[in-house]
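A.B. asks: show me the folded form of this:
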Amino acid sequence: MLTRTGWLRVICAAGIASACGGSESTSSQTNRNPSSSGNEQPAVRDAGPPAMEESTSRDAGAPVAQVEPPAVVDAGPPPETTPPPAGNGRPTMSGGARDQYRAGLQAAQTGNLDQARAAFEGALSADPRAYQAAYNAGIIAERQGQDSQADSLYQRSLSIVPDYELAVVARARLLLRARRSTEAVTMAADIARRFPNNYTVRAEYARLMVVAQRYNEAIEEGRRILRQDERNVGAKLAIAEAYRAQGRLDMALAIVNDVIHGSGEPEQPDNGPGVGDARAHYLRGLLRVEVERNVPGAILSFQRAVELDPQFSEARNNLGVYLLQAGNYQGAIEHLRAATLLSPSWARAHLNLGDALRATRDYPGATTELQRAQQLDASIVEVHYNYGRLYSEQAREIASTGLDNLNRKIQLLQQAQAAFTRFRDNLGPGYATHPRHDDVEQQLTRLQSLVERTTRARDREQRRSRSGTPAAGSSATPSGGGDAGAPAAPSGGGSSGSADAGAAH
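C.D. replies: Next up, the predicted model:
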């Protein structure tokens, strides 16, 4: 659940510290070398790139949920909780705008997004150089699912302060979700070149080069930052992400563990510069699965990431998926629903929530989420697979007696057939080597048999109805106790490709 505290923490990251419990004089930006503190805390998380697949299981036939293991991890900037360094050239918000800004913080605290956005935009009108207000209005627009307006507001903030870390990171995430990765890299490269002392922006640029598959360049940029700021968490994580994308998983995990653990004694191991960094724990969660096959450990890492940053959509998503896999359905739904609220335009989060709702037999809710996922991203092939599972499970719960029931069961079985067929056809040549190939073929074979058997049972029921002969029990129930539409276990344990390998953007 998104708490008031969580909302306030996000907005305070760019705002007036007096409204968040700090000094009233703090109305501007962090040091341009904030990573030297070793405690970067992102203020906002994006909806993330397309996800790979990871199995979930309430039974052997549970459908796939989409885990979000992006090739890179959010490299968000730290919150604005300290005064800017002298002479940084960033404008101070005027008094009248500051009052409006505080009103926006208070409205955000109570979850009133419309009022918060109006107040932030009012602050920007009162002071056209209130770059924090433009940024926070963009955050609210994202939460409202209005991405184009959010982008305009981020650009407005950057037009005032071109190297404003929070706006750089937020806009980069927005562009990635819109599949405009080249534009995101170009933007960050230009700002990093013009502001070489802004290590947060430079670390974000390194991260974006991983997105662009320029791994060696990302590693070199990260190393250049570390030569100037040896404890820079963002640079270290960018290097780890590049290694992970290259398949050098052990090296990536070693870096992340060092970032968290540092060089402390065994009884006090966690003293690294990234011990309080949500992204470090999130990346460790991904690597714990990929390197160690340690799902319980990954759950702990994702939980820690969420504790540190309740707004971290990707961590919420992955935590939800693995909780679903572990059979904790309500916990999974809580975190997946939070991910959709934080990032309403993220199709994969809706897809996962639909799967979790299906696991609890909330079929109407599951259908709504799958439909929303399709509306947001019509290219998601996995949605057809999940529809197939959804229809199959609904069919298996319908009684196998009575004409109405049998007709409905046949309809659902045929819908499941059509969904699995669409999944197969949309994959094209890649279907032959897809990890779901054997499972889908088994599903289609079984469904065809069930359709034929249930159709024969319906025909017998119709003949008895016409002749006036009483029905002789549930003759349509398949032998062996197989409920209509019962799914087969996914082939190969349900893995899709290389165990949560980095997703394409």
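
A.B. asks: flag the shaky bits of the protein, pLDDT-wise.
C.D. replies: 1-88, 263-269, 469-505 (pLDDT under 70).

A.B. asks: and the residue nearest the centre of it?
C.D. replies: residue 314 (3.3 Å; C-alpha atoms, centre = their mean).

A.B. asks: mind listing what's buried in stretch 427-438?
C.D. replies: Buried residues in stretch 427-438, defined by neighbour count with 16 or more other C-beta atoms under 10 Å: 427, 431, 434-437. All C-beta spots, glycine's among them, are computed from the backbone N, C-alpha and C.

A.B. asks: returning to what we had before: right, and the residue nearest to the centre of the chain touches residue 285 too?
C.D. replies: No: if you go by C-beta atoms under 8 Å, residue 314 and residue 285 don't touch, sitting 9.9 Å apart.

A.B. asks: which neighbouring elements make contact with the helix ranked longest in the chain?
C.D. replies: Criterion DSSP state H: the longest helix present in the chain is helix 437-467. Under the contact definition 3 or more C-beta pairs under 8 Å, 6 or more residues apart in numbering; DSSP states H and E, helix 437-467 sits against helix 382-396, helix 403-427.

A.B. asks: need the contact list for residue 376.
C.D. replies: 345-347, 350 (C-beta atoms under 8 Å, 6 or more residues apart in numbering).

A.B. asks: can you add secondary structure and neighbour count and give those residues back as JSON lines?
C.D. replies: Shown next, in JSON lines, are the contacts of residue 376 (DSSP: H, G, I helix; E, B strand; the rest coil; neighbours: other C-beta atoms under 10 Å):
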{"residue": "345", "secondary structure": "coil", "neighbour count": "20"}
{"residue": "346", "secondary structure": "coil", "neighbour count": "27"}
{"residue": "347", "secondary structure": "helix", "neighbour count": "24"}
{"residue": "350", "secondary structure": "helix", "neighbour count": "29"}
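
A.B. asks: about what we covered before: just the helices and strands packed on helix 437-467: most buried one?
C.D. replies: Comparing the helices and strands packed on helix 437-467 by mean neighbour count (mean count of other C-beta atoms under 10 Å), helix 382-396 comes out on top with a mean of 25.

A.B. asks: now the angle between helix 403-427 and it, please.
C.D. replies: 160 degrees (axes from the mean of the first three to the mean of the last three C-alpha atoms, to 10 degrees).

A.B. asks: dump helix 382-396 to PDB, restricted to CA.
C.D. replies: Extracted in PDB, the C-alpha atoms of helix 382-396 (Å, rounded to 0.1, in the frame of the first residue of the first chain):
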ATOM      1  CA  GLU A 382       2.800 -13.100 -22.800                       C
ATOM      2  CA  VAL A 383      -0.700 -11.600 -22.300                       C
ATOM      3  CA  HIS A 384      -2.100 -14.300 -24.600                       C
ATOM      4  CA  TYR A 385      -0.400 -17.000 -22.600                       C
ATOM      5  CA  ASN A 386      -1.900 -15.700 -19.400                       C
ATOM      6  CA  TYR A 387      -5.400 -15.400 -21.100                       C
ATOM      7  CA  GLY A 388      -5.100 -19.000 -22.000                       C
ATOM      8  CA  ARG A 389      -4.400 -20.000 -18.400                       C
ATOM      9  CA  LEU A 390      -7.200 -17.700 -17.200                       C
ATOM     10  CA  TYR A 391      -9.800 -19.200 -19.500                       C
ATOM     11  CA  SER A 392      -8.600 -22.700 -18.700                       C
ATOM     12  CA  GLU A 393      -9.000 -22.300 -15.000                       C
ATOM     13  CA  GLN A 394     -12.400 -20.700 -15.300                       C
ATOM     14  CA  ALA A 395     -13.500 -23.700 -17.400                       C
ATOM     15  CA  ARG A 396     -12.300 -26.200 -14.900                       C
END
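
A.B. asks: sorry, back to before: what about the residue nearest to the centre of the chain, distance to residue 136?
C.D. replies: In this view, residue 314 and residue 136 are 21 Å apart by C-beta to C-beta, to the nearest Å.

A.B. asks: again, but for residue 378
C.D. replies: Taken as C-beta to C-beta, the span from residue 378 to residue 136 is 32 Å.

A.B. asks: repeat that for residue 465.
C.D. replies: Distance from residue 465 to residue 136, by C-beta to C-beta: 66 Å.

A.B. asks: and what of residue 147?
C.D. replies: In terms of C-beta to C-beta, residue 147 sits 16 Å off from residue 136.

A.B. asks: with neighbour numbers in mind, choose between these two.
C.D. replies: residue 136 (33 against 19; other C-beta atoms under 10 Å).

A.B. asks: need the three-state assignment for the residue nearest to the centre of the chain.
C.D. replies: What DSSP: H, G, I helix; E, B strand; the rest coil gives for residue 314 is helix.

A.B. asks: please apply the same query to residue 196.
C.D. replies: Going by three-state DSSP: residue 196 is coil.

A.B. asks: OK, contacts around it?
C.D. replies: So residue 196 contacts residue 202 (C-beta under 8 Å, 6+ apart).

A.B. asks: so who does the nearest residue to residue 377 once chain neighbours are set aside touch?
C.D. replies: Distances taken as C-beta to C-beta, 6 or more residues apart in numbering place residue 347 nearest to residue 377, at 3.7 Å, with adjacent residues excluded. By C-beta under 8 Å, 6+ apart, the contact set of residue 347 is 372-374, 376-377, 380.

A.B. asks: separation between residue 347 and residue 459?
C.D. replies: Residue 347 is 41 Å from residue 459, by C-beta to C-beta.

A.B. asks: what do you get for residue 217?
C.D. replies: 67 Å.

A.B. asks: which one's more surrounded, these two?
C.D. replies: residue 217 (15 against 11).

A.B. asks: what is the helix or strand that that one is a member of packed up against?
C.D. replies: Here residue 217 sits within helix 215-228, counting by DSSP states H and E. Applying 3+ C-beta pairs under 8 Å, 6+ apart, one finds that helix 215-228 contacts helix 199-211, helix 233-245.

A.B. asks: need the ones you listed in a markdown table with distance to residue 89, can you?
C.D. replies: Formatted as a markdown table, the helices and strands packed on helix 215-228 follow (distance: least, C-beta to C-beta, whole Å):
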| stretch | distance to residue 89 |
| --- | --- |
| helix 199-211 | 15 |
| helix 233-245 | 22 |
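
A.B. asks: can you redo those as CSV with mean neighbour count?
C.D. replies: Listed next are those as CSV, based on neighbours: other C-beta atoms under 10 Å:
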stretch, mean neighbour count
helix 199-211, 29
helix 233-245, 28
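
A.B. asks: many thanks, we can stop here.
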